[in-house]
Structure formats: C-alpha cells, structure tokens
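>>> Take a look and give me a structure for this.
(one chain, ligands or ions: 1)
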Amino acid sequence: MKVLVTGGTKGIGKAIADKFSQEGAEVIVTARNAAPDMNKQHRFIAADLSKPEDISRLVNEVKDVDVLINNIGGVNTPGGGFSVLTDQHWLDALQLNLLTSVSLDRALLPGMIERKHGVIIHISSVSALQPFWDLNMTYGISKAALNAYSKTLATEVAPKGVRVVTVSPGMTKTAPMESFVNDIAAASGITFDQAFQAISARIGGVPFGRMAEPAEVAELVSFLVSPKASYITGANYVLDGGATPVVR
Ligand SMILES: NC(=O)c1ccc[n+]([C@@H]2O[C@H](COP(=O)([O-])OP(=O)(O)OC[C@H]3O[C@@H](n4cnc5c(N)ncnc54)[C@H](OP(=O)(O)O)[C@@H]3O)[C@@H](O)[C@H]2O)c1
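Residues are numbered from 1 along each chain as shown. Predicted coordinates:
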C-alpha cells in the first residue's frame, strides 16, 4: 500500500505517517521543510502545497498512490472577527484548508478511479462545527467548506471504487495548539492547564479533561483506511473527547 501524507513531518501528520509505516505501508511525506526528528522510513518530498508548481512536481514524483491523507491546514489569519479580515485573509485560509486538498485530489484521483481502488482522508476540525467568530473565523469556515467538499466528492466517486472520509479532531497536542494555549496562558498570567480549561469551556468543556494525542487521531485514520471500514464513505468522524456540545 502506497500512502502520501501531506504535512507528514510534524504533529498529527507525522503520527499518521508513523502508524502507516508500522503497518508496513510505503509512506511518502511532504512538507515545506524536512524536520529534525523525521522518520527515516518515510520518503520525504519537499513541497509548498500553496504553490501550484510544487503540487505538480510532487504529483509527478509520486505518480500514483493508494491512500492520500490531506492533512495540512491550520489558522493562518488573525482573530478578531469580520472587520479585521481582508479578502486576502479569506483567500489564504481557503487556499490552505480547502484548495490544497482539491488540487491534490484532482491530480491523484484519476489513478485511483482507473484501479477502482483508493481512499482519501481529509483532516478537518471541530472548529468547522462551532461559530468561533473571534478566535478563528476563516479557519472554521474554510474547514466547513472542506467538509462539504469531502462529502460531495465521496458521493461522486463511491460508484468508482474510491472512498472519501473526513476526520475532525478537537484540541490535539501538537506544536501549534501548545503555543496557542501557551500564548493565552502568558497573556492572562495563568498556567497552561488553566488556559486549556478556559479554552475548553469555550467549546462546552472537554469531558475527558485533556487534549487528544496525535497518535489517537492516527489510530482512527488507520481504521478508516483499512478494509474494516470498507462500507464507510462520505462520513465525518469527530474525535474530540466528547467536547462538541451538539447532537448530530
Ligand atoms: N492540533 C490541533 O489541535 C488540531 C485540531 C483540529 C484539527 N487540526 C488539523 O490537523 C492538521 C494538522 O495540524 P497539526 O496541529 O498537526 O499541525 P503541525 O504540527 O503544525 O504540522 C503541520 C504540517 O504541515 C506542514 N505544512 C504546513 N504548511 C504547509 C504548506 N504550505 N505546504 C506543505 N506542507 C505544509 C508542516 O511542515 P512545514 O512547516 O515544514 O511545511 C507540518 O509537517 C491541520 O489540518 C489542522 O487544521 C489540528
């Protein structure tokens, strides 16, 4: 099984890539820069997925994959609500959180369809499910667009043998999340744990009382890619320690 993990050098992407290596897959990871603690079993291809020319070069090098994990994404615009957000901020967020996946899917799906076999995972976020206007409006909305795209694409390609599934983590212990909590702790003169609890309260509390480990997200992704999940497509799996206070 040949797997491409975008942003597979750090955080959730690295945990997913490590999990697939442990399972014996051929794993290709991509990111803008190599990371110091990269897994030597992974083939690394440097690419900035915000640049169409880098996406073309990556696809030419990778050729075909059985599994595509679209993991890169994040908050790349300021908080503060609608009035501080320019058109460029919106375009940047949509580029990072939606269009990188759209471009890679478009390039790698034809091979999957030809072989009548393949799985695409989109890593979204629970931020798509709640209106955090002040913290990260563009992030939640661009991830919500990703969710809609993922579901729609799943419907199109299911008859062609390809599954498309969304995974929506809640707060997960990676460098950007830890620095987000640290910044709030420093600004408010409170501890990391107090800041975590304050942020958790905004999302309705995390019943488990802790963040997810990246490896816990990787376990879910591994299951969803496996033949055990052969009837699962078009679904959005939330992994948030019970936090998001909605009944779906
Ligand atoms: N952590 C959380 O609490 C959390 C919660 C919900 C959802 N998520 C989602 O989970 C995904 C991963 O988040 P994370 O926290 O694991 O992030 P992370 O630790 O910062 O890792 C991000 C990865 O993406 C790469 N990357 C970033 N921009 C890129 C670009 N333009 N082109 C190519 N590679 C790029 C980074 O490497 P380089 O910097 O070298 O490019 C790195 O390998 C994101 O989609 C995020 O929205 C995270």
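
>>> mind checking pLDDT for Val246?
We have a pLDDT of 82 for Val246.

>>> ok, now Asp134?
pLDDT, Asp134: 87.

>>> residues near it, how many?
10 (other Cβ atoms under 10 Å). Using the backbone N, CA and C atoms, a C-beta is placed for each residue, glycine as well.

>>> any idea how far the ligand is from it?
Distance, Asp134 to the ligand, by Cβ to the nearest ligand atom, to the nearest Å: 18 Å.

>>> Assess the claim that that residue and Gly81 are in contact.
Yes. Contact between Asp134 and Gly81 holds when scored by Cβ atoms under 8 Å: they sit 5.6 Å apart.

>>> Tell me the first helix or strand C-terminal of the lowest-mean-pLDDT helix or strand in the chain.
The least trusted helix or strand in the chain, going by mean pLDDT, DSSP states H and E, turns out to be helix 192-202, with a mean of 91. Following helix 192-202 in sequence order, the next helix or strand is helix 214-225 (DSSP states H and E).

>>> Next SSE downstream of that following helix?
Next in sequence after helix 214-225, counting helices and strands by DSSP H and E, comes strand 236-239.

>>> Direction included, what does that following strand pair against?
If you go by DSSP bridges, strand 236-239 pairs up with strand 162-169 (parallel).

>>> Any residue of the strand it pairs with touching the ligand?
Yes. For strand 162-169, a contact with the ligand is found by Cβ under 6 Å from any ligand atom, at Pro169.

>>> right, and the helix or strand after that strand?
Following strand 162-169 in sequence order, the next helix or strand is helix 175-188 (DSSP H and E).

>>> Give me the pLDDT for the residue positioned nearest the centre of the chain.
Closest to where the C-alpha atoms of the chain average out (Cα atoms, centre = their mean) is Ile123, at 2.6 Å. What the model reports for Ile123 is a pLDDT of 99.

>>> Tell me the bridge partners for it.
Counting by DSSP bridges, Ile123 forms beta bridges with Val167.

>>> Distance check, it against Ile199.
20 Å (Cβ to Cβ, to the nearest Å).

>>> just Arg163 next, same as before
Distance from Arg163 to Ile199, by Cβ to Cβ: 33 Å.

>>> neighbour count winner among the two?
A count of neighbours by other Cβ under 10 Å puts Arg163 above the other of Arg163 and Ile199, at 23 against 18.

>>> Name all residues that make contact with the residue nearest to the more buried one when sequence neighbours are not counted.
With Cβ to Cβ, 6 or more residues apart in numbering as the criterion, Arg163 has its nearest non-adjacent residue at 4.2 Å, and that residue is Thr233. Residues near Thr233 by Cβ atoms under 8 Å, 6 or more residues apart in numbering: Ala154, Ala158, Arg163, Val164, Val165.

>>> Wait, the third one touches Ile121, no?
Spelled out, it's Arg163. No. Using Cβ under 8 Å, Arg163 is not in contact with Ile121; the gap is 9.0 Å.

>>> Asp105 - how many residues pack around it?
Number of residues near Asp105 (other Cβ under 10 Å) recorded here: 20.
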